Structures are given as structure tokens and as C-alpha cells.
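A.B. asks: Take this sequence and fold it.
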Amino acid sequence: MCMDHKISCSCGRSSASFNFKDDVLPSEIIEKLYCPECSADVSFDPESMVEDNAWVIAYDMDMAKFMGNKLPVAEVTPNAIFDEGYCAWRGVYPTDHIDSVREREELVKLSKINTQKYFTEFRRWSIERMDRLSKEGWRKANEDKRV
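C.D. replies: Numbering: from 1, shown residues only. Below is the predicted model of the structure:
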């Protein structure tokens, strides 16, 4: 069963949906979420927070370390929690799961008319989209570039 974990940011102007890989960590692991509007006023703490394109997630690191024995990571850090998908966006960025569906609507229409062209266009769209998101600075769009 897949549950949508939608959390509002601190200022209430935005929200983000999260995935929790293997359901190892509970949604309560997120102490606060800051959108680009409210993150400007946050004192960033790399020991408990992760930043992704001006969005900041503050994790409850006491809970994370307590549950850390279930995480197959060398060290339980905010970066490991996010980058390994144990508590990260549902998609590439906070509203990706909604936006990508909307972007694909025209392609779906094409699939009913010309299947071959649909596959070609879908591949082109996917590559161009990830390239755009990578240039925008989203962490998950740059996973293959991290060492």
C-alpha cells in the first residue's frame, strides 16, 4: 500500500509530498519543512537539515539515529536519509508527482494515435525534463553526478 505523506511548510504557503523507502522511518522524522519563501529565515544546521534547491527539511535526528540500525547506511545523516530515499520527495522535487502527470497528459493522447511516435516523444520528454531539473539544481535530478 502506498500512502501520500503531504506536509505543509513552516509559513503555510507550500507543501511537499514525501516517500519513505521501505517504510523504515515514520513521517514524524520530519520536524519542519521550509519552502524557498520561509527557508530564507532559517539558520541552516547540516547536522539535522538537508537543503534542496532552497527547500529545507529539518529531521528529528534523535529519532533517525534511534531507528538508524534499520538503515543500511554507513552513517545516519540528513544527506543519507534524503539521498538514499528513506525520507525524500515523492519524485524529483516537492510537487513532481503532480506536475509530471500534468506534463504527460498530451503524450498520453498521442499514445492512442501513434504508439511509435509516443515512445519516441516520451523518451525525448523524459530526457529533456531531467536535464532541465538538473540545471535547476534539484538533488534527485543530479544523483548520477554525485560521487
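A.B. asks: What distance do you get for the closest residue to Ser8 other than its chain neighbours to Leu71?
C.D. replies: In space, and not counting its chain neighbours, Ser8 is closest to Ser15: 4.6 Å by CB to CB, 6 or more residues apart in numbering. (Each C-beta comes from the backbone N, C-alpha and C, glycine too.) For Ser15, the distance to Leu71 (CB to CB, to the nearest Å) stands at 26 Å.
A.B. asks: higher neighbour count, these two?
C.D. replies: Neighbour totals were compared for Ser15 and Leu71, and Leu71 leads with 19 against 13 (other CB atoms under 10 Å).
A.B. asks: For the more buried one, give me the pLDDT.
C.D. replies: Leu71 is assigned a predicted lDDT (pLDDT) of 85.
A.B. asks: Could you report the pLDDT at the most centrally placed residue in the chain?
C.D. replies: With distances taken as CA atoms, centre = their mean, the chain has Trp89 as the residue nearest its mean C-alpha position (2.1 Å). We note a pLDDT of 96 for Trp89 in this prediction.
A.B. asks: hang on, it packs against Asp96?
C.D. replies: Yes - with contact defined as CB atoms under 8 Å, Trp89 counts as touching Asp96 (6.4 Å).
A.B. asks: can you give me the strands in the chain?
C.D. replies: Using DSSP state E, the strands of the chain run over 5-8, 15-19, 30-34, 49-52, 55-59, 88-89.
A.B. asks: Tabulate the CA atom coordinates of the first one in PDB.
C.D. replies: Extracted in PDB, the C-alpha atoms of strand 5-8 (Å, rounded to 0.1, in the frame of the first residue of the first chain):
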ATOM      1  CA  HIS A   5       2.600  11.900   3.100                       C
ATOM      2  CA  LYS A   6       1.900  15.600   2.400                       C
ATOM      3  CA  ILE A   7       3.500  18.100   4.700                       C
ATOM      4  CA  SER A   8       2.900  21.900   4.700                       C
END
